[in-house]
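Engineer: Would you be able to build a 3D model of this:
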Amino acid sequence: MWVMLQTLDDDVPRHQDRLANPGLVVRPQAIEISYNHSEPTQYNPYVQQLHDLLQQYNDSIQEGNELCLVGEYTDQDEQPKKKVCQFKRSTLRQCSGLPDTSFGYAEGQPCVIIKMNRVSTVPSPAFTHIQHGSLKALPTLQF
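Structural biologist: Residues are numbered from 1 along each chain as shown. Next up, the predicted model:
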């Protein structure tokens, strides 16, 4: 029994009734974002977290990735090496850190980035095809 107890991680609850969510990242990582926008030393840690996260999404780096079509699901289960779609940080506009290196923190309008990673599950047919329409027609859309 002692050997089995040694395999448990002290940082993870022993009894979980829900699956962990490995595909979601929120930056800056903070329970509460509180700062005075006239004091850069208070918000610089938040800004640095965003710069660190978005560094890998610089446009020049993303040029080497696959150009994927919006709204199209690409099944890659049979491929040993998965393709990575382009995601250029410039598409985040004001929250890219390019036009405003403080991500809006200096103006009191901070950006928070939510990143979804690839999750290996079989997609529901409802999410493999995107239909467009007005909000009135939403209940009548067929999936």
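
Engineer: what's residue 116 sitting at in phi/psi?
Structural biologist: Main-chain torsions, residue 116, degrees, to the nearest 10: phi -110, psi 120.

Engineer: isn't residue 89 right next to residue 98, touching?
Structural biologist: Yes: Residue 89 is within contact range of residue 98, at 6.9 Å (criterion: C-beta atoms under 8 Å). For glycine as for every other residue, the C-beta is placed from the backbone atoms N, C-alpha and C.

Engineer: which of the two has more neighbours?
Structural biologist: residue 89 (20 against 14; other C-beta atoms under 10 Å).

Engineer: next SSE after the lowest-mean-pLDDT helix or strand in the chain?
Structural biologist: Lowest mean confidence among the helices and strands of the chain (mean pLDDT, DSSP states H and E): helix 2-6, at a mean of 70. Downstream of helix 2-6, the next assigned helix or strand under DSSP states H and E is strand 24-27.

Engineer: got the contact list for residue 57?
Structural biologist: Contacts for residue 57 were tallied using C-beta atoms under 8 Å, 6 or more residues apart in numbering; they are 87-89.

Engineer: how much space between it and residue 89?
Structural biologist: Per C-beta to C-beta, to the nearest Å, residue 57 is found 4 Å from residue 89.

Engineer: what do you get for residue 116?
Structural biologist: Look at residue 116 and residue 89: by C-beta to C-beta, they are 16 Å apart.

Engineer: those strands in this structure, which residues are they?
Structural biologist: Counting by DSSP state E, the segments of the chain that form strands are 24-27, 113-116.

Engineer: quick one on the thing from earlier: which one of the contacts of residue 57 is nearest residue 45?
Structural biologist: Distance to residue 45 across the contacts of residue 57 (C-beta to C-beta) is lowest for residue 89, with 19.7 Å.

Engineer: Who are the contact partners of that closest one?
Structural biologist: By C-beta under 8 Å, 6+ apart, the contact set of residue 89 is 54, 57-59, 62, 96-98.

Engineer: let's see it at 6 Å
Structural biologist: Neighbour list for residue 89: 54, 57, 96 [criterion: C-beta atoms under 6 Å, 6 or more residues apart in numbering].
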